[in-house]
Each structure stands twice: as C-alpha cells, then as structure tokens.
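Q: Sequence first, then the predicted structure:
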Amino acid sequence: MAHKKWIVADADKEKASMLSEKLNIDPFIAFLLVSRGIDNELSASEFLSDSCVFTSPYSLADMDKAVNRINKALDNDEKICIYGDYDCDGVTSTALLYTFFESMGADVAYFIPNRLTDGYGMNMSAVDKIKSWGTDLIITVDNGISAVDEAEYIYSLGMELIVTDHHQIGDTLPKACAVINPHREDNKIKFHDFAGVGVAFKLACAVYDGDVGDMLEQYADLVAIGTIGDIVALKSENRGLVRAGLALINADTRIGINALRKAAGNDENELSAVDVAFQLCPRINAAGRMDSADTAFELLICDDYDEARFKAEQLNLENTHRHEVETNIADDIREMVEKNPSLIEDRVIVIAGRNYHHGVIGIVASNIVSVYGKPAIIIGIDDDGKCTGSARSIEGFNIFEAISSCSDILTHFGGHPLAAGLGTDEEKIDVLRERINDYARKKYPVMPPQTLRLDCKLSPFYLNTDLVDNLTALEPYGAENSQPVFGLFNVRLMSVTSIGDKKHIRLDVQKKGYNFKIVQFNTSADDFPYKAGDMLDFAVKVSKNYFKGKYYLSVKSVDVRLNGIDDDKYFLEKSDYELFKLGRDGKNNLLPKREDFALLYRFLKQNNGWKYSFDDLYFALGQAVSYGQLSFALDAFCETHLITLDGEKVILNNVSGKADLDNTNVMKTLKGRLNIE
C-alpha cells in the first residue's frame, strides 16, 4: 500500500477538561470529541445522546406539494411508480417507499435501472416502459435532480413527477409537482447531508403525518443500511437514524435483512455500523454491480423466510462473483504495469482494458489509489470501442475538475471531487491520459499526499477492554465520525506468527516492559518487511472479541512503519523525482553519489537483495539516500548487471570485477539533464 502521511489530531485540553466535567463523561472521550470539532456542551450532549430531535419533513421545500399530490393519487387509486437506483442507497430507498405505499393501500410499482443497459438515473426508454404499465405518478428516489429532459418527456406522456434526491443541484430544476432535495437553498434545515433513503424517509413521514417514532419502528433498518452504504456524514439526524436502524437490524425485525446477516456469516453477534458497511452493504450493492438490483430489492421486501434465504444466498454468490471479477481485472492491470512501469509514474494513473466490467471498475480504481497513492481512472473498453471509465482520487486533488478539463473528448462525465465517471472512445484514451496529466502537472505542482488521521498517541498501558467499552459512546462510526485510530510509537517487534491459513499475521510487540499482540490482516509473514528487534510505529484500531465466556482485547494494525520516519522529506523527494521524470528541471539530490552507491550495495548484499517494496527499501536505508537517488542508483545497478529488477523485487547477480557506474547511460543522461560535469 502507498505510504501515507500520519497526522496526529490535536485538541484543546482545557476545553476537553471542561466538557468532561460539565457532562460527567470520561476525560479521554471528551478529548476525542474536542479533537473531532465537537467542542461545546450543546453539540457534545446532542452527539452523545441516545435520543435525536428530527426536524419536520415540512422543513424541506416542496414537501407540502408532494404530500398533496400523493394524497390525490391515493384517493383516486392512481398508479404510482417508484423510480430507484441500483446502489445500496437507491435499493433501500425504493424498498422503503414501495412497502410504505403498499401499506397505505396504493397501486404501486417500482423500476430500478440496470447499470449495464440503462445507466444511471432516468432514461427515455424506461419512461416509456413505466407509461405502458398505466402509471400516473412517478416518484424518484436517490436520482432525478438532473433529469430535466426526461421530466419534460414524462409530462408529454400525460404522467406527473415527484423528485426526491440528495445529489447536488444543477442550474435548472426538472419539471415536477415537487422537487425535494436537502441541498435546495429555500429549505429550512441546518443539516443537509442526508442519503437518498433519508430523503425518502422524510417523504414517507410527511405522508404518514404521525409520530416519527412509529415510522422509525417500521423503516429505520432500511434507512440505516442506505445511509451507511452511501457514506454520508454520520452526524446530526443521520446518527439518530442509524442508531434506530441498528436496533431494528439486531432485533431481526425484517426477514430479508435477517437472512442476509446469516448469509454473511453473522447471525449471532450484534452488528455495528462498521459491520453493516462491510457485511450487508457490499452484498446489496453486488446485485446492481453485477446484474440486476431487483434481487436485492425483492430480498428487502420479502415476507417469506425460505424465499429470503434463497435470495440472500444469491446475493452472496453475486458478491463472490464480484470479488472474482475484481481480482481478474487487478491481475490484468498488474501485468500491464510490469510491462509498462511508466503507467504508474504519471500524476494521474489512467489504465484501460478490454471488457472490464463496468460494475466493478470503481472499486478497482479505489484499490489502485490505495496501492500507489495517486488519483486513478480505470477504463473498460467494449467490443464496439466505446469506453466507460471510473475515477477515484486522493484528498486534495479534485478529480471532477481534472476530468472536466478534458470534457471535449468525453461522451459524458459527472461526479464529485473524490469520485467521478466518464465515457469516451477508444482512440481518445491516450489523449485523455496526456491531457489529464498535463492538467495535473500545471494545477498540482506538488501532489497532495495520502493522509492517515490518528486520534492521538496512546500508551500501551491503556490498551484494555475498558478502553473499548468507553469508546462505544462515539458509535455509530462512519463518514466524518470514523472509528478511532491510535498511534503506538517506538514499539519493539518481538516475533511474527502466521495465522488464518498464512494470509494474516500476529505480531508480538513490547514497549517499556509491556507486552501485547497486534493483528495485521491481509499480510503474509513473507510480505512483512520487518524483523524481530525492529523499532516500529503502529496505527491501530481496538475492539474486543468474545470467546469461551470472556471478552478479549483485539488490536488491529491499520498501518505500520519504521520508527522515526520523516514524512515531509519522503513526499518532497518523491515529488521532485516524479516531476523530473515528467520533464521538469531537477535538483542535485537526484544524482546518486559514490557513497550512496556503496551504502545501497552493502545493504543489498547484507539482505541478499530485497523482496519488498521500493518504499520499504527507501525507509530501510534510513532515508539516507533520497528517493530519486535510490531509483537512479537501482537503474545504474541494472545497467551494469549487478542486479535484476523483478517488479520492485531486487535480485543480486554474481558479477566479477568492478562496475563502472559513472559511465552508465543512466548516469550520463542524468548528469546531462542536471548540467553536472
């Protein structure tokens, strides 16, 4: 994984102390709240409260118009169609309104577009199909705010439209009886970050016109899953909605969700928001990613246990299939990079492949960002030469603006600063790669680093189950309220043990006479670049496991590095090197000196080469050789056949005699570009 810059959060200790005293809460929890910007008595008490004040749904503009039109449809037995979306938020939104209107005795149908054949949002052919059902009123959920042309077409066919959406609003609102969107400026609300399912819930509450508690008892589980799945901020009302939803999920009130829990292998332990995010949401999403989201929708509204169990297993299979497709694409990309390493030297990685599944390229792009620490666009080329791309970015690099700069060579595009989608033609991929990287060089002369936020440094003395119990006050965890990450610094590694079919490792570590264990998942002992005796820094999350009648502390590694690393030095040197490779003027710290060659070669001899990453080698050398010096020194070693590079792996060769490193083409070219005699 790409090296991240660790940032230890700061907090006003006096504010934390006052908060602890006024609210009678644990001082450590008060400190964490203040570090997260929850630094006054009112905001902290609201955050920690088990209850939540929900704003009136009529605080949203057009809600009264929507209710009036829906009541008319109910009174006149008009046919209503819920127009949804294929992701977790869209599916839960559709299930919520469908079951709500069904309970009201409405003549209700639903339509969820197919990602592969219909694309995102409304489309004319879908509108025609819905019209053929005898529909009078279409209600969108989680989409529709940009469907200006489709809305006009709906009215031309004699139907009417209500839009409920949570995406950003464009210059023109679609024609509709009502447009309900928390981002409208004429709303009377303070909190705007609802998921689509949260907006749908508000509509249902307004139509119900009763106690919101009754509605929470019926639908909070669907709202929680959609809210968690859409990664919106778990603050304010979202926090209350998710809390209420988790209570329903763990009470097994909905047959379909209970079946999905069991299919995911978790029908005994209580599910947290994190569990929902990693166990339930991916399975619901898998249906829409790989084929049709109808299976997920049907599961959520199912009232027959055997049918629910069957559909849950289908989703499980779809999720497994999704993993396999992702792995195949990732393997294909790895082979491309091995053949053409320049692909990952760009500021923005752009990689295209034949028939990459459109439903998973976004996940693959996210993985590429994690591995290389750079924005990435993964493009699937169809047999007809049409291309669909999915982009993901790092904090601080606006990928939507970067893609917008290439709009003239795209068939469509849209998105946000950290995620976007696009379409283009096969012959324009190289131009896109060149154009977007030119934009990145000009607008981002220094690329923002990937960061990892640590809530605080922690002494091993405080690692116990009491700490985990105290931290539950901060749950549910999610976007903008992440599970706390703690820094354990200057820890001695004592031993490494393989666990879980050798796919994971358990690390026995020690600090100041205190011994404890840390688990690192998805890392084998062979891939772990550290050895007993190394002094390490860990970023960890803590939880507890129940085993044989007792709770045990679990410490999980989020990131690990050698103690004493200078992040700023690393990112500056890496940026200098990459800009030089892209044609910018270079600095003298790119040229390896004789002592750099000697230090590197001695190290490689002592370690019988190097089987870990380039970054690991850079840090293992104590940052004594700059990023650029190390790269060019390895190139010179290769040219003189002292070593062979197999990806990032360094293999020592048996060479007799001395190598003339200064006379290599690498060094001559480097000196020429740096104007060094």
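A: All right, it came through fine.
Q: so what's the closest residue to residue 35 other than its chain neighbours up against?
A: Distance criterion Cβ to Cβ, 6 or more residues apart in numbering; nearest residue to residue 35, sequence neighbours excluded, is residue 11 at 3.8 Å. Where C-beta positions appear, they are placed from N, C-alpha and C, glycine not excepted. Applying Cβ atoms under 8 Å, 6 or more residues apart in numbering to residue 11 gives the contacts 31, 32, 34, 35, 456.
Q: go on, residue 506?
A: Counting by Cβ under 8 Å, 6+ apart, residue 506 touches 496, 497, 499, 517, 518, 519, 520.
Q: What segments of the stretch 251-400 of the chain are helices?
A: Assigned by DSSP state H, counting those that start in this stretch, the stretch 251-400 of the chain shows helices spanning 255-263, 273-275, 281-290, 294-300, 305-339, 361-372, 399-404.
Q: returning to that earlier point: so the residue nearest to residue 35 sits in a strand?
A: No. Assessed by DSSP: H, G, I helix; E, B strand; the rest coil, residue 11 does not belong to a strand; its assignment is coil.
Q: Start the count at 237 instead of 1 going forward.
A: Okay, residue one is now 237; in that scheme the one you just asked about reads as residue 247.
Q: Quick check: the gap between it and residue 378.
A: 36 Å (Cβ to Cβ, to the nearest Å).
Q: neighbouring contacts of the lowest-mean-pLDDT helix or strand in the chain?
A: The weakest-scoring helix or strand in the chain, judged by mean pLDDT, DSSP states H and E, is strand 648-651 (a mean of 83). Residues from elsewhere that reach strand 648-651 (Cβ under 8 Å, 6+ apart): 627, 635, 636, 639, 640, 643, 656, 657, 658, 659.
Q: Make sure residue 751 is actually in contact with residue 730.
A: Yes. Here residue 751 lies in contact with residue 730, judged by Cβ atoms under 8 Å, at a distance of 7.5 Å.
Q: ok, the nearest residue to residue 384 once chain neighbours are set aside to residue 416 distance?
A: Counting by Cβ to Cβ, 6+ apart, residue 410 is the residue found nearest to residue 384 once chain neighbours are left out, at 5.0 Å. In this view, residue 410 and residue 416 are 12 Å apart by Cβ to Cβ.
Q: shaky segments in this protein?
A: In the predicted model, the chain carries no residue with pLDDT under 70.
Q: what's the residue nearest to the spatial centre of it in contact with, if anything?
A: Centroid-nearest residue in the chain: residue 602, 6.9 Å away (criterion: Cα atoms, centre = their mean). Contacts for residue 602 (Cβ under 8 Å, 6+ apart) come out as residue 628.
Q: Tell me how far residue 381 lies from residue 390.
A: As judged by Cβ to Cβ, residue 381 and residue 390 stand 14 Å apart.
Q: what about residue 304, which SS state?
A: helix.
Q: Please identify which helix or strand holds residue 806.
A: According to DSSP states H and E, residue 806 maps onto helix 803-817.
Q: what's next to that helix, contact-wise?
A: For helix 803-817, the surrounding residues in contact (Cβ under 8 Å, 6+ apart) are 239, 241-242, 581, 583, 677, 681-683, 685, 822-823, 825-826, 854-855, 859, 862-864, 867, 909.
Q: 7 Å instead?
A: By Cβ atoms under 7 Å, 6 or more residues apart in numbering, the list of residues contacting helix 803-817 from outside reads 239, 241-242, 581, 682-683, 685, 822-823, 825-826, 859, 862-864, 867.
Q: Separate out the buried members of the residues you listed.
A: Among these, the ones that count as buried by 16 or more other Cβ atoms under 10 Å are 239, 241-242, 683, 685, 822-823, 825-826, 859, 862-864, 867.
Q: can you give me the strands in the stretch 287-436 of the chain?
A: Remark: strands assigned in the stretch 287-436 of the chain by DSSP state E, counting those that start in this stretch are 315-319, 343-347, 373-377, 396-400, 414-416.
Q: which one of the ones you listed has the most crowded surroundings?
A: Among the strands of the stretch 287-436 of the chain, strand 373-377 has the highest mean neighbour count (mean count of other Cβ atoms under 10 Å), at a mean of 29.
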